[in-house]
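Enquirer: what follows is a protein structure lacking sequence information:
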């Protein structure tokens, strides 16, 4: 709502292999700030979603000790002008696969994310071309699907 832009980048001097930054509009130009240790780690962060009021941030991170898989979603809330330490969203959201691309519905009622938590695409049994294409066209193809829950679940992380 205040015109800030949240994004991930791999700038020199960052904390890891990609950090999350806020570009604040100040006197007609943007000032960029790394969100610091409460959000960024030595591994890497990306795909930030920021609530319209700027007080809730959900993002993807990989390689942290508490990760359930190859990349998990984390959440942080801004209180008194500072971000609280990010928390892994746990098994309600994350799996032992890769989760990314958090997003809210425009009305704020639903939380969406993408996950590779499906059956793997590869098979231990040989497939011909047609069987492979048929598998690719299935919803549960291991290439990432969109999942959703009611956004009220996010309050349990506060």
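Expert: Structure's in. What do you need? Since we're looking at a predicted model, the values are computed, not measured.
Enquirer: CA atoms for contacts and neighbours, from now on please.
Expert: Fine.
Enquirer: mind listing what's buried in the lowest-mean-pLDDT helix or strand in the chain?
Expert: In the chain, no helix or strand scores lower on mean pLDDT, DSSP states H and E than helix 129-136, which sits at a mean of 82. Using 16 or more other Cα atoms under 10 Å as the test for burial, helix 129-136 gives residue 135.
Enquirer: what average pLDDT does the helix or strand that comes right after it get?
Expert: Downstream of helix 129-136, the first helix or strand assigned by DSSP states H and E is strand 145-150. The pLDDT scores in strand 145-150 average 92.
Enquirer: beta partners of the spatially closest residue to residue 88 that is not a sequence neighbour?
Expert: Excluding its sequence neighbours, the residue lying closest to residue 88 (Cα to Cα, 6 or more residues apart in numbering) is residue 74, at 4.4 Å. Counting by DSSP bridges, residue 74 is bridged to residue 59, residue 88.
Enquirer: from residue 100, how far off is residue 74?
Expert: Per Cα to Cα, to the nearest Å, residue 74 is found 10 Å from residue 100.
Enquirer: list residues touching both of these two?
Expert: Common neighbours of residue 74 and residue 100, using Cα atoms under 8 Å, 6 or more residues apart in numbering, are 59, 60.
Enquirer: how close does the residue lying farthest from the centre of the chain sit to residue 139?
Expert: Distance from the centre of the chain peaks at residue 128, with 35.7 Å (Cα atoms, centre = their mean). Residue 128 is 19 Å from residue 139, where distance means Cα to Cα.
Enquirer: now do the contacts for residue 108.
Expert: residue 151.
Enquirer: which secondary structure element contains it?
Expert: Using DSSP H and E, no helix or strand contains residue 108.
Enquirer: what about the closest residue to residue 61 other than its chain neighbours, neighbour count?
Expert: Distances taken as Cα to Cα, 6+ apart place residue 45 nearest to residue 61, at 4.4 Å, with adjacent residues excluded. If you count neighbours by other Cα atoms under 10 Å, residue 45 ends up with 28.
Enquirer: could we number from 41 for the rest of this?
Expert: Yes, from this point I'll number from 41; that puts the last item at residue 85.
Enquirer: quick check: residue 85 touching residue 54?
Expert: No: when contacts are counted by Cα atoms under 8 Å, residue 85 is not listed as touching residue 54 (10.9 Å).
Enquirer: just give me the neighbour total for residue 193.
Expert: By other Cα under 10 Å, 13 other residues sit near residue 193.
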